[in-house]
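Trainee: got a sequence here, can you model it:
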Amino acid sequence: MKVTFLNPPQTNSKYKFLGVVAPSLGIGYMAAVLEKNGFDVDVLDASALELTYEEIGKEILKRKPDIVSISALTPTIGVALDSADKIKQVKPDTIVVFGGYHPTSEFQSVLEEPSVDVVVRGEGEYTLLDLVQTVEEGGDLRNVKGLAFHDETDNSLVLTPDRPVILDLDELPFPAFHLFPMEKYRILNITTNVATIITTRGCPMKCSFCSSAALHGDKLRRRSYQNVCDEIELRLKEENIDTIAFMDDTFTLNKRFVRDLCHEIKRRNLKFWWGCTSRVDTLDEDLLQTMKDAGCITIFIGVESADQQMLEKMNKNITVSKTEKAFRIARKVGIRTIASCVIGMPEDTKATIKKTIDFVKGLNPNYALYSLATPYPGTRFYNETFKKNLILINDWSKYTLLDPVLETIDCSSKELRSIQKKAYIKFYLRPGYLLRQVSQDGFVLLKTIFGVIKQLISKQTNGNTDYNKTNINKNCVGDTSN
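Mentor: The predicted model follows:
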């Protein structure tokens with residue numbers, strides 16, 4: 001039984017405008033589990049290799065897989081489905097399996113496409129293993145937990161029972177990155193020796209706009225710090241990496257774990273730079289100093305809004321004063337900060353948006369992200385905006401955080417696009433800022449900054465919406481049952 005994992009192409013440059021192309025952790029873990037159980041596995045990263053649909057078809061004919069597993073996010077579901085069409089054209093007997101954040105929540109609409117045979121709902125490692133073993137043995141997929149598919153006899157929708165989440169993350173093998181084209185991955189449009197690692201799954205914080213819980217649940221599960229260091233040590237040895245990005249939703253949620261991990265990194269004398277994500281209410285000076293001493297150079301922090309009422313509507317459970325304190329101590333310790341905020345929530349006004357933009361600038365972070373509010377399937381935010389008929393765009397490919405999907409009390413979609421563009425220009429095109437950051441990060445930063453602004457400006461003149469496979473299915477949308 002041969003299984004090929006496909007990361008679909010990113011045909012629209014908006015997905016690469018930040019110059020970041022990284023290997024999929026989800027695919028890495030699923031491939032490792034299948035490999036560990038004796039299956040023939042390979043990975044076709046069409047995004048990193050910049051393959052066309054025709055080239056994907058040729059690769060499928062050459063590799064001859066029995067099963068192709070395709071992972072998709074909301075903005076990439078269209079190209080994922082087009083990729084599935086090409087696979088079925090060149091090798092009709094291939095079983096095409098979809099999984100990931102978007103298919104988990106929108107399995108009904110995904111399964112309406114004739115090129116999709118099965119959807120894996122939720123965490124995919126053991127569900128896919130069970131599926132592959134069942135197919136190989138000629139068994140009944142109804143006995144595999146965590147699936148959605150259509151019955152062959154009457155085309156009725158079959159939902160098998162939910163599969164429990166993986167409680168002991170240490171039991172998972174390390175991601176099979178030896179199957180990936182590691183030389184093709186880059187940050188800021190340059191090839192770099194960066195690895196991605198995750199130490200936890202699940203998020204208990206319940207922010208209204210976050211889709212993590214839809215896939216991984218709302219209970220935090222954590223690898224042991226020894227297991228994480230084992231992976232770091234192995235990858236430092238085998239992949240010649242010098243930087244690690246911890247991809248957890250909130251890396252600093254458990255301070256004791258972070259301290260234990262940092263102490264173990266130092267005890268083993270593991271030399272690398274690293275960055276992570278955080279919440280302002282999980283940081284203190286002692287923790288940040290411990291992290292810096294272990295190699296932390298950058299921390300991504302969700303600011304979201306400078307308006308306390310807006311924070312409460314997002315169920316963010318932080319305060320503006322805690323945000324100010326977090327950035328202040330990060331500067332004191334000497335860790336770079338990335339401030340991320342959301343503008344254009346339905347209750348936002350021009351005044352609250354301006355307040356947030358000015359606030360982020362005043363925090364003096366090293367980088368800032370101004371994302372347009374985007375209701376992703378599986379989130380409370382999506383369900384609320386859909387029920388209130390607030391969603392303006394029914395093309396999933398526009399759900400990129402750069403395209404306005406909603407309007408606010410007093411801001412049209414055109415105004416939101418303009419506000420976002422101006423926010424980036426005012427933050428990044430300050431002479432003092434440019435001098436400081438270029439001296440720190442090099443001139444490649446200028447190329448990326450101007451690329452971002454060029455992309456935003458181009459959106460001002462191109463407001464067309466394509467209505468194709470990426471469209472919301474009005475008969476299925478909003479059904480996030482698992």
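Trainee: where are the low-confidence patches of this protein?
Mentor: Scanning the chain with the threshold set as pLDDT under 70 gives 11-19, 187-192, 213-214, 444, 455-482.
Trainee: domains for it, by residue range?
Mentor: 2-159, 193-461 (automatic domain parsing).
Trainee: nearest to Lys184 among those domains would be which one?
Mentor: domain 2-159 (4.0 Å; C-beta to C-beta). Heads up, the C-betas are built off the backbone N, CA and C, glycines and all.
Trainee: burial check on Leu215, number of neighbours?
Mentor: For Leu215, the number of neighbouring residues by other C-beta atoms under 10 Å comes to 23.
Trainee: now the helices for the stretch 101-250 of the chain?
Mentor: With helices called from DSSP state H, counting those that start in this stretch, the stretch 101-250 of the chain shows them at 101-105, 107-111, 125-137, 212-216, 225-238.
Trainee: what packs against the third one?
Mentor: So the one you mean is helix 125-137. Packing partners of helix 125-137 (3 or more C-beta pairs under 8 Å, 6 or more residues apart in numbering; DSSP states H and E): helix 25-36, strand 67-71, strand 95-99, strand 118-120.
Trainee: coming back round to it: of the helices of the stretch 101-250 of the chain, flag the one that's most buried.
Mentor: Mean neighbour count (mean count of other C-beta atoms under 10 Å) peaks for helix 101-105 among the helices of the stretch 101-250 of the chain, with a mean of 26.
Trainee: ok now stretch 298-310, how far from the chain's centre?
Mentor: 18 Å (C-alpha atoms, centre = their mean, to the nearest Å).
Trainee: for that stretch, buried residues please.
Mentor: Thr298, Ile299, Phe300, Ile301, Gly302, Val303, Glu304, Ser305, Ala306, Asp307, Met310 (16 or more other C-beta atoms under 10 Å).
Trainee: give the bridge partners for the second one, please.
Mentor: In this structure, Ile299 has beta-bridge partners Cys276, Thr337, where bridges are defined by DSSP bridges.
Trainee: hang on, it packs against Arg336?
Mentor: Yes - contact criterion C-beta atoms under 8 Å: Ile299 and Arg336 qualify, at 7.2 Å.
Trainee: tell me the most buried of the domains of the chain?
Mentor: In terms of average neighbour count - mean count of other C-beta under 10 Å - the standout among the domains of the chain is domain 2-159, at a mean of 19.
Trainee: what about that domain, how long is it end to end?
Mentor: 25 Å (C-alpha to C-alpha, to the nearest Å).
Trainee: that's a helix at Lys426, yeah?
Mentor: Yes - counting by DSSP: H, G, I helix; E, B strand; the rest coil, Lys426 is located in a helix.
Trainee: backbone dihedrals for the closest residue to it other than its chain neighbours, please?
Mentor: Closest residue to Lys426 apart from its sequence neighbours, by C-beta to C-beta, 6 or more residues apart in numbering: Lys361 at 7.0 Å. Lys361 adopts backbone torsions of phi -60, psi -40, taken as degrees, to the nearest 10.
Trainee: do you know how far Ser226 is from Leu261?
Mentor: No Ser there; residue 226 is Gln. 9 Å (C-beta to C-beta, to the nearest Å).
Trainee: nearest the geometric middle of the chain, what residue?
Mentor: Leu73 (7.6 Å; C-alpha atoms, centre = their mean).
Trainee: I'd say it and Gly99 touch.
Mentor: No - if you go by C-beta under 8 Å, Leu73 and Gly99 don't touch, sitting 11.1 Å apart.
Trainee: which other helices and strands does the helix or strand containing Gln289 contact?
Mentor: In this structure, Gln289 sits in helix 285-293 according to DSSP states H and E. Where contact means 3+ C-beta pairs under 8 Å, 6+ apart, helix 285-293 is packed against helix 255-267, strand 296-304, helix 320-333.
Trainee: quick one, the first one and helix 285-293 angle?
Mentor: Spelled out, that is helix 255-267. Interaxial angle, helix 255-267 versus helix 285-293 (axes from the mean of the first three to the mean of the last three C-alpha atoms, to 10 degrees): 30 degrees.
Trainee: report all helices and strands that helix 255-267 contacts.
Mentor: helix 225-238, helix 285-293.
Trainee: need those in a markdown table with distance to Tyr29, can you?
Mentor: Supplementary listing: those in a markdown table, determined by distance: least, C-beta to C-beta, whole Å:
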| stretch | distance to Tyr29 |
| --- | --- |
| helix 225-238 | 11 |
| helix 285-293 | 25 |
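Trainee: show me the one of the ones you listed that comes nearest Leu406.
Mentor: helix 285-293 (35.1 Å).
Trainee: dump the helix holding Gln289 to CSV, keeping only the CA atoms.
Mentor: C-alpha atoms of helix 285-293 as CSV (Å, rounded to 0.1, in the frame of the first residue of the first chain):
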residue,chain,number,x,y,z
GLU,A,285,10.6,39.2,33.4
ASP,A,286,12.1,36.1,35.0
LEU,A,287,10.5,33.8,32.4
LEU,A,288,11.6,36.0,29.5
GLN,A,289,15.2,36.2,30.8
THR,A,290,15.2,32.4,31.2
MET,A,291,14.0,32.0,27.6
LYS,A,292,16.6,34.5,26.3
ASP,A,293,19.4,32.7,28.2
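Trainee: what does it contact?
Mentor: For helix 285-293, the external contacting residues (C-beta atoms under 8 Å, 6 or more residues apart in numbering) are 252, 255, 258-259, 262-263, 266, 276, 296, 299, 329-330, 332-335.
Trainee: just these now: which is nearest Leu44?
Mentor: Scanning the contacts of helix 285-293 for proximity to Leu44, where the rule is C-beta to C-beta, the winner is Cys276, at 29.6 Å.
Trainee: unless I'm mixing things up, that closest one is touching Cys296, no?
Mentor: Yes - here Cys276 reaches Cys296: they are 6.8 Å apart, a contact under C-beta under 8 Å.
Trainee: contacts only, for Val158.
Mentor: Val158 neighbours (C-beta under 8 Å, 6+ apart): Leu141, Arg142, Leu147, Ala148, Phe149, His150, Asp151.
Trainee: pairing partners for Phe149 in the sheet, please.
Mentor: Assigned bridge partners for Phe149, using DSSP bridges, are Val118, Val158.
Trainee: for it, give its distance to Val158.
Mentor: 5 Å.
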